[in-house]
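> Sequence first, predicted model second:
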Amino acid sequence: NAGVTQTPKFQVLKTGQSMTLQCAQDMNHNSMYWYRQDPGMGLRLIYYSASEGTTDKGEVPNGYNVSRLNKREFSLRLESAAPSQTSVYFCASITGGSGANVLTFGAGSRLTVL
Amino acid sequence: AQSVTQLGSHVSVSEGALVLLRCNYSSSVPPYLFWYVQYPNQGLQLLLKYTSAATLVKGINGFEAEFKKSETSFHLTKPSAHMSDAAEYFCAVSDRGTDKLIFGTGTRLQVFP
(Lines give C-alpha, C1' and ligand atoms only; values in the text may rest on other atoms or scores of the structure.)
Protein backbone atom coordinates (compact mmCIF):
# COMPACT_ATOMS: atom_id res chain seq x y z
CA ASN A 1 0.00 0.00 0.00
CA ALA A 2 1.17 3.51 -0.82
CA GLY A 3 2.11 5.65 2.12
CA VAL A 4 4.76 6.52 4.68
CA THR A 5 6.72 3.69 6.28
CA GLN A 6 8.67 4.15 9.52
CA THR A 7 11.10 1.76 11.15
CA PRO A 8 11.47 0.61 13.84
CA LYS A 9 8.04 0.75 15.48
CA PHE A 10 9.48 0.33 18.96
CA GLN A 11 12.95 0.89 20.38
CA VAL A 12 14.47 0.99 23.86
CA LEU A 13 17.81 2.73 24.30
CA LYS A 14 20.11 3.45 27.18
CA THR A 15 21.23 7.02 27.84
CA GLY A 16 24.10 7.92 25.55
CA GLN A 17 23.36 5.33 22.87
CA SER A 18 22.76 6.38 19.29
CA MET A 19 20.16 5.28 16.79
CA THR A 20 18.54 6.24 13.51
CA LEU A 21 14.83 6.29 12.74
CA GLN A 22 14.13 5.52 9.11
CA CYS A 23 11.30 6.93 7.01
CA ALA A 24 10.38 6.24 3.41
CA GLN A 25 7.46 7.41 1.26
CA ASP A 26 6.37 6.08 -2.12
CA MET A 27 4.03 8.91 -3.16
CA ASN A 28 6.66 11.03 -4.94
CA HIS A 29 6.19 13.77 -2.36
CA ASN A 30 8.64 16.64 -2.26
CA SER A 31 8.52 17.60 1.42
CA MET A 32 9.12 15.37 4.43
CA TYR A 33 8.91 16.01 8.16
CA TRP A 34 9.79 14.59 11.54
CA TYR A 35 7.54 15.34 14.52
CA ARG A 36 7.63 14.18 18.10
CA GLN A 37 4.47 13.66 20.14
CA ASP A 38 4.45 14.04 23.92
CA PRO A 39 1.44 14.01 26.28
CA GLY A 40 -0.08 17.46 26.64
CA MET A 41 2.26 19.00 24.08
CA GLY A 42 0.76 17.86 20.81
CA LEU A 43 3.05 17.35 17.84
CA ARG A 44 6.19 19.43 17.66
CA LEU A 45 8.20 19.79 14.48
CA ILE A 46 11.81 18.59 14.81
CA TYR A 47 13.13 18.98 11.26
CA TYR A 48 11.69 19.18 7.81
CA SER A 49 12.94 18.89 4.25
CA ALA A 50 11.22 20.91 1.55
CA SER A 51 13.02 19.06 -1.21
CA GLU A 52 15.78 16.56 -1.82
CA GLY A 53 19.07 17.98 -0.58
CA THR A 54 17.58 20.57 1.79
CA THR A 55 16.76 20.38 5.49
CA ASP A 56 15.58 22.99 8.00
CA LYS A 57 15.15 23.13 11.74
CA GLY A 58 11.71 23.06 13.28
CA GLU A 59 10.60 23.94 16.80
CA VAL A 60 12.69 21.38 18.74
CA PRO A 61 15.82 20.40 16.74
CA ASN A 62 18.34 20.12 19.59
CA GLY A 63 19.78 16.63 20.03
CA TYR A 64 18.74 15.46 16.56
CA ASN A 65 20.21 15.31 13.08
CA VAL A 66 18.51 14.46 9.81
CA SER A 67 19.46 13.28 6.36
CA ARG A 68 17.37 13.54 3.21
CA LEU A 69 19.01 10.62 1.49
CA ASN A 70 16.96 10.91 -1.69
CA LYS A 71 13.44 11.95 -2.59
CA ARG A 72 11.94 8.90 -0.88
CA GLU A 73 13.89 8.71 2.36
CA PHE A 74 14.32 11.03 5.35
CA SER A 75 16.11 9.71 8.43
CA LEU A 76 16.30 11.08 11.97
CA ARG A 77 19.37 10.39 14.08
CA LEU A 78 19.88 10.64 17.80
CA GLU A 79 23.64 10.79 18.39
CA SER A 80 23.54 10.53 22.19
CA ALA A 81 20.08 9.66 23.45
CA ALA A 82 18.71 11.31 26.59
CA PRO A 83 15.64 10.40 28.68
CA SER A 84 14.03 13.67 27.51
CA GLN A 85 13.94 12.16 24.02
CA THR A 86 11.53 9.45 25.12
CA SER A 87 8.61 10.09 22.81
CA VAL A 88 6.60 8.88 19.87
CA TYR A 89 8.11 10.03 16.59
CA PHE A 90 6.10 10.56 13.43
CA CYS A 91 7.35 10.99 9.93
CA ALA A 92 5.12 12.72 7.39
CA SER A 93 5.25 13.82 3.77
CA ILE A 94 3.43 16.19 1.48
CA THR A 95 3.39 17.11 -2.19
CA GLY A 96 4.40 20.62 -1.24
CA GLY A 97 4.34 24.18 -2.46
CA SER A 98 1.19 25.94 -1.37
CA GLY A 99 0.50 25.25 2.28
CA ALA A 100 -2.92 23.79 1.47
CA ASN A 101 -1.78 20.26 0.85
CA VAL A 102 -2.41 17.49 3.31
CA LEU A 103 0.25 15.67 5.30
CA THR A 104 0.39 11.88 5.11
CA PHE A 105 1.68 10.38 8.35
CA GLY A 106 3.46 7.19 9.16
CA ALA A 107 2.26 4.93 11.98
CA GLY A 108 4.85 6.22 14.44
CA SER A 109 7.96 4.99 16.23
CA ARG A 110 7.83 4.70 20.01
CA LEU A 111 11.23 5.38 21.56
CA THR A 112 12.08 4.88 25.22
CA VAL A 113 15.40 6.12 26.62
CA LEU A 114 16.34 4.68 29.99
CA ALA B 1 5.25 32.86 14.77
CA GLN B 2 2.13 31.07 13.69
CA SER B 3 0.34 29.12 16.43
CA VAL B 4 -2.93 27.49 17.35
CA THR B 5 -4.55 27.12 20.75
CA GLN B 6 -6.88 24.29 21.58
CA LEU B 7 -9.03 24.98 24.64
CA GLY B 8 -9.62 21.90 26.72
CA SER B 9 -7.24 18.97 26.70
CA HIS B 10 -10.11 16.58 27.46
CA VAL B 11 -13.74 16.71 26.39
CA SER B 12 -16.35 14.15 27.44
CA VAL B 13 -19.78 13.79 25.86
CA SER B 14 -22.56 11.26 25.88
CA GLU B 15 -23.32 9.26 22.77
CA GLY B 16 -25.74 11.30 20.65
CA ALA B 17 -24.70 14.63 22.15
CA LEU B 18 -23.16 17.57 20.33
CA VAL B 19 -19.39 17.56 19.96
CA LEU B 20 -17.60 20.93 20.09
CA LEU B 21 -13.81 21.13 20.03
CA ARG B 22 -12.30 24.59 20.10
CA CYS B 23 -9.38 25.99 18.13
CA ASN B 24 -8.09 29.53 17.84
CA TYR B 25 -5.25 30.65 15.60
CA SER B 26 -2.88 33.59 15.79
CA SER B 27 -2.34 35.32 12.49
CA SER B 28 -3.18 38.66 10.97
CA VAL B 29 -3.48 37.00 7.59
CA PRO B 30 -5.95 34.09 7.32
CA PRO B 31 -3.86 30.95 7.13
CA TYR B 32 -4.72 27.46 6.03
CA LEU B 33 -6.32 25.50 8.86
CA PHE B 34 -6.69 21.78 9.40
CA TRP B 35 -8.24 19.31 11.79
CA TYR B 36 -6.57 15.92 12.13
CA VAL B 37 -7.71 12.91 14.14
CA GLN B 38 -5.58 10.28 15.82
CA TYR B 39 -7.09 6.96 16.84
CA PRO B 40 -5.24 4.93 19.50
CA ASN B 41 -1.84 3.66 18.38
CA GLN B 42 -2.16 5.15 14.92
CA GLY B 43 -0.79 8.07 12.97
CA LEU B 44 -2.80 11.19 12.22
CA GLN B 45 -5.33 11.43 9.43
CA LEU B 46 -7.08 14.46 7.97
CA LEU B 47 -10.64 15.27 9.03
CA LEU B 48 -11.03 18.51 7.08
CA LYS B 49 -9.20 21.61 5.93
CA TYR B 50 -9.93 25.29 5.29
CA THR B 51 -8.25 26.95 2.33
CA SER B 52 -10.60 29.97 1.89
CA ALA B 53 -13.02 28.43 -0.61
CA ALA B 54 -15.84 28.35 1.95
CA THR B 55 -16.01 29.29 5.62
CA LEU B 56 -18.04 26.21 6.57
CA VAL B 57 -16.01 23.13 5.82
CA LYS B 58 -17.41 19.60 5.89
CA GLY B 59 -15.16 16.67 6.62
CA ILE B 60 -15.32 12.95 7.06
CA ASN B 61 -17.47 11.08 9.60
CA GLY B 62 -20.01 13.93 9.92
CA PHE B 63 -17.59 16.52 11.29
CA GLU B 64 -17.55 20.12 10.18
CA ALA B 65 -15.75 23.33 11.12
CA GLU B 66 -16.47 26.98 10.59
CA PHE B 67 -13.78 29.57 9.91
CA LYS B 68 -14.56 32.82 11.71
CA LYS B 69 -12.06 35.54 10.92
CA SER B 70 -13.50 38.00 13.45
CA GLU B 71 -12.95 35.48 16.23
CA THR B 72 -9.77 33.91 14.76
CA SER B 73 -11.43 30.56 15.38
CA PHE B 74 -11.89 27.26 13.61
CA HIS B 75 -13.98 25.14 15.96
CA LEU B 76 -14.83 21.54 15.11
CA THR B 77 -18.37 20.25 15.59
CA LYS B 78 -20.46 17.15 15.10
CA PRO B 79 -24.18 17.15 15.84
CA SER B 80 -24.36 13.66 17.32
CA ALA B 81 -21.38 11.85 18.87
CA HIS B 82 -20.76 8.19 18.22
CA MET B 83 -18.65 5.83 20.30
CA SER B 84 -16.27 5.48 17.37
CA ASP B 85 -15.46 9.22 17.57
CA ALA B 86 -13.38 8.66 20.70
CA ALA B 87 -9.89 9.79 19.68
CA GLU B 88 -7.48 12.71 19.96
CA TYR B 89 -8.12 15.68 17.72
CA PHE B 90 -5.51 18.17 16.60
CA CYS B 91 -5.96 21.59 15.06
CA ALA B 92 -3.12 22.73 12.81
CA VAL B 93 -2.15 25.82 10.85
CA SER B 94 0.16 26.64 7.96
CA ASP B 95 0.98 29.94 6.35
CA ARG B 96 0.04 30.38 2.71
CA GLY B 97 2.95 29.49 0.46
CA THR B 98 4.65 27.25 3.02
CA ASP B 99 4.24 23.63 4.07
CA LYS B 100 5.38 24.11 7.64
CA LEU B 101 2.46 22.78 9.63
CA ILE B 102 2.17 23.76 13.31
CA PHE B 103 -0.08 21.70 15.55
CA GLY B 104 -2.05 22.51 18.66
CA THR B 105 -1.67 20.48 21.84
CA GLY B 106 -4.64 18.26 21.05
CA THR B 107 -8.01 17.49 22.63
CA ARG B 108 -8.89 13.99 23.72
CA LEU B 109 -12.56 13.22 23.12
CA GLN B 110 -14.28 10.61 25.26
CA VAL B 111 -17.74 9.38 24.36
CA PHE B 112 -19.84 7.69 27.03
CA PRO B 113 -22.78 5.37 26.31
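Arrived safely, thanks for sending.

> Close to chain B: what parts of chain A are there?
Counting by Cβ under 8 Å from any Cβ of the partner chain, chain A comes close to chain B at A:4, A:31, A:33, A:35, A:40-45, A:48, A:50, A:58-59, A:90, A:92, A:94, A:96-103, A:105-108. All C-beta spots, glycine's among them, are computed from the backbone N, C-alpha and C.

> Mind doing that once more with 7 Å?
Residues of chain A found near chain B (Cβ under 7 Å from any Cβ of the partner chain) are A:31, A:40-43, A:48, A:50, A:90, A:94, A:96, A:98-103, A:105-108.

> ends of stretch A:30-47, how far apart?
14 Å (Cα to Cα, to the nearest Å).

> Buried ones in it, by neighbour count?
A:30-37, A:42-47 (16 or more other Cβ atoms under 10 Å in any protein chain shown).

> Buried ones among the residues of chain A next to chain B?
Here, 16+ other Cβ under 10 Å leaves A:31, A:42-43, A:48, A:50, A:90, A:94, A:96, A:99-101, A:103, A:105-106, A:108 buried among the residues of chain A next to chain B.

> Strands along chain A, start to end?
A:4-7, A:10-13, A:19-25, A:31-38, A:42-49, A:56-57, A:65-68, A:74-78, A:87-94, A:104-105, A:109-113 (DSSP state E).

> I'd like the ones you listed as a markdown table, with mean pLDDT appended.
What follows is the strands of chain A, written out as a markdown table (pLDDT from 0 to 100):
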| stretch | mean pLDDT |
| --- | --- |
| strand A:4-7 | 95 |
| strand A:10-13 | 96 |
| strand A:19-25 | 97 |
| strand A:31-38 | 94 |
| strand A:42-49 | 93 |
| strand A:56-57 | 93 |
| strand A:65-68 | 96 |
| strand A:74-78 | 97 |
| strand A:87-94 | 94 |
| strand A:104-105 | 91 |
| strand A:109-113 | 96 |
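
> Which part of chain A gets nearest to chain B, residue-wise?
residue A:105 (3.5 Å; Cβ to the nearest Cβ).

> What's the separation between that residue and residue A:60?
Plainly put, residue A:105 is 18 Å away from residue A:60 if you go by Cβ to Cβ, to the nearest Å.

> How about the contacts made by the spatially most central residue of chain A?
Closest residue to the average C-alpha location of chain A: residue A:34 at 2.6 Å, with Cα atoms, centre = their mean. By Cβ atoms under 7 Å, 6 or more residues apart in numbering or on different chains, the residues touching residue A:34 are A:46-47, A:66, A:76, A:89, A:91.
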